[in-house]
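>>> all I have is the shape, not the residue letters:
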């Protein structure tokens, strides 16, 4: 649902003029109700019994580019994907975006987060977890203990580059990178299941 907030700034300069100047700052928020797609990132990858950390691996659901690195005692699985939150074609269908100048912030409502042995359904206790968007950490191992939903907000320099995309009516893409560190010793899980579903909301300024 689009949400608008208006703030009026009244500037009085009594020594120079008796007139008052009023300027309006407008912000709209686009979320799932406005067609912003969710990050439905849950997937499960097979871990062969003879798997060596660093071996190539594929996501059968074609959601992520998956890489592994490290050792059997501390193997990092990195899940990468780009989520197109706003397409260039959407601007012409959204008159409310006329005059949009920048992205003020992006809120990501995390609805599901977990790491499982997908073959048994048992929760895994990863050595570490780090989830990033725009190369900024938004999820950590501690977040696994929280009860969703909860919201993570990205502001400032990480999304400043989106200003040109908004002004020039180009795609707005959210790069997602989740690194899960697990031990493969003495026996690796048959499947590593990443459960990560979230809903972005884009706060746009004028």
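That came through fine. What you see is a predicted model; the values in this text were computed from it and never measured.
>>> any idea how far residue 196 is from residue 177?
The span separating residue 196 from residue 177 equals 11 Å under the rule Cβ to Cβ, to the nearest Å. (Glycine included, C-beta is placed from N, CA and C.)
>>> between these two, who's got more neighbours?
Between residue 196 and residue 177, counted using other Cβ atoms under 10 Å, the more crowded position is residue 196 (24 against 18).
>>> gap between the nearest residue to the more buried one once chain neighbours are set aside and residue 59?
In space, residue 196 comes closest to residue 41 once its chain neighbours are excluded; the distance is 4.0 Å by Cβ to Cβ, 6 or more residues apart in numbering. Using Cβ to Cβ, we find residue 41 at a distance of 10 Å from residue 59.
>>> got the contact list for residue 55?
Remark: with contacts taken as Cβ atoms under 8 Å, 6 or more residues apart in numbering, residue 55 is in contact with residue 68.
>>> could you rerun that using 10 Å?
47, 48, 68, 75 (Cβ atoms under 10 Å, 6 or more residues apart in numbering).
>>> so which residue is smack in the middle of the protein?
Nearest to the geometric centre of the chain sits residue 133, at 4.8 Å (Cα atoms, centre = their mean).
>>> what helices or strands is the longest helix along the chain leaning on?
The helix that spans the most residues within the chain, counting by DSSP state H, is helix 162-167. Using 3 or more Cβ pairs under 10 Å, 6 or more residues apart in numbering; DSSP states H and E as the contact criterion, the neighbours of helix 162-167 among helices and strands are strand 75-86, strand 102-117, strand 172-182, strand 191-205.
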